[in-house]
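Peer 1: sharing a model prediction with you, sequence too.
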Amino acid sequence: MQPHQQTTAIPALELSDFSLDLLDPDLRKYVDWEGNYGPVFDHPLYRDPIMLMTAAIPADYPAGSASPAGLGRINQIVDLKQRSLEKYKLRQDWRSYVFTFHRPYRVDALLTIIRSVGASRLWPLIGDVWRDSESNMPSRVEWAEIWSHAYGKQGGFRPEFCRVMSAKERRFSKRCQKLSQSTAGVSTRATRWLIRGR
């Protein structure tokens with residue numbers, strides 16, 4: 001920031017001044033009034049944990065912006081993301097489709113796609129969603145269904161399942177498997193040295 005530039009703080013609205021009038025009626029059901037900092041907007045495509053502050057944003061913030069004021073921004077963001085989902089679905093761009101959703105809702109989007117087109121070509125995406133999740137426990141039932149696609153009819157892993165890991169991760173995994181077979185009784189320090197390849 002340049003020394004002559006000045007930042008503008010936006011004071012949050014008081015809860016008594018807060019109204020959902022500018023929020024689309026269809027989106028109002030996604031408002032949770034029990035958030036840590038007041039109302040929270042929690043939609044599969046967008047989360048706003050500080051709605052009292054968002055509601056106070058003027059239309060020209062930052063200067064020169066043509067965004068809608070306040071909660072109108074939420075309407076615009078959700079609308080843009082919904083239109084993007086339609087484009088991605090038509091192009092079968094499943095990666096962009098899934099990552100358009102906010103993090104906790106990605107597993108549901110992924111599972112919907114798997115139920116529709118199968119998992120065989122989606123293993124790299126499945127691995128990316130798994131690694132990018134903040135916590136997989138709340139969706140453990142969904143993940144159990146997703147991981148069940150890794151097994152063939154005879155109970156063994158399907159060959160394409162290995163693509164859930166990158167090539168680098170697969171090499172590391174093979175090294176770990178070899179080490180675990182050959183390092184019985186070796187100290188932890190020595191094992192770490194072997195894994196790192198030094």
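Peer 2: Received, thanks. Numbering: from 1, shown residues only.
Peer 1: residues touching residue 98, list them.
Peer 2: When contacts are counted by C-beta atoms under 8 Å, 6 or more residues apart in numbering, residue 98 touches 106, 109-110, 113, 125, 129. The way it works is simple: take the backbone N, C-alpha and C, and place the C-beta from them, glycine included.
Peer 1: again, only this time at 7 Å
Peer 2: Residue 98 makes contacts with 106, 109-110, 125, 129, as judged by C-beta atoms under 7 Å, 6 or more residues apart in numbering.
Peer 1: mind telling me what element it is part of?
Peer 2: Using DSSP states H and E, residue 98 falls within helix 94-100.
Peer 1: list the buried residues of that helix.
Peer 2: Residues of helix 94-100 classed as buried: 94, 97-100 (neighbour count, 16 or more other C-beta atoms under 10 Å).
Peer 1: which ones among the contacts of residue 98 map onto strands?
Peer 2: Using DSSP state E, no member of the contacts of residue 98 falls in strands.
Peer 1: any chance of those in CSV, with distance to residue 83, pLDDT and neighbour count too?
Peer 2: Output for these, formatted as CSV (distance: C-beta to C-beta, whole Å; pLDDT from 0 to 100; neighbours: other C-beta atoms under 10 Å):
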residue, distance to residue 83, pLDDT, neighbour count
106, 19, 96, 22
109, 16, 97, 20
110, 20, 96, 26
125, 21, 94, 21
129, 22, 94, 23
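Peer 1: which one of those residues is nearest to residue 89?
Peer 2: Checking those against residue 89 with C-beta to C-beta, the nearest one is residue 109 at 10.4 Å.
Peer 1: CA atoms of the helix holding residue 98 as CSV?
Peer 2: Extracted in CSV, the C-alpha atoms of helix 94-100 (Å, rounded to 0.1, in the frame of the first residue of the first chain):
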residue,chain,number,x,y,z
TRP,A,94,-16.4,-32.1,-13.6
ARG,A,95,-13.4,-30.5,-11.9
SER,A,96,-14.6,-27.0,-12.4
TYR,A,97,-18.2,-28.1,-11.5
VAL,A,98,-17.2,-29.7,-8.2
PHE,A,99,-14.8,-26.9,-7.2
THR,A,100,-17.5,-24.2,-7.8
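Peer 1: let me see the mean pLDDT of that helix.
Peer 2: When pLDDT is averaged over helix 94-100, the result is 97.
Peer 1: repeat that for stretch 24-40.
Peer 2: Mean per-residue pLDDT for stretch 24-40: 88.
Peer 1: any figure for the gap between the closest residue to residue 75 other than its chain neighbours and residue 76?
Peer 2: Counting by C-beta to C-beta, 6 or more residues apart in numbering, residue 24 is the residue found nearest to residue 75 once chain neighbours are left out, at 4.9 Å. Relative to residue 76, residue 24 is positioned 10 Å away (C-beta to C-beta, to the nearest Å).
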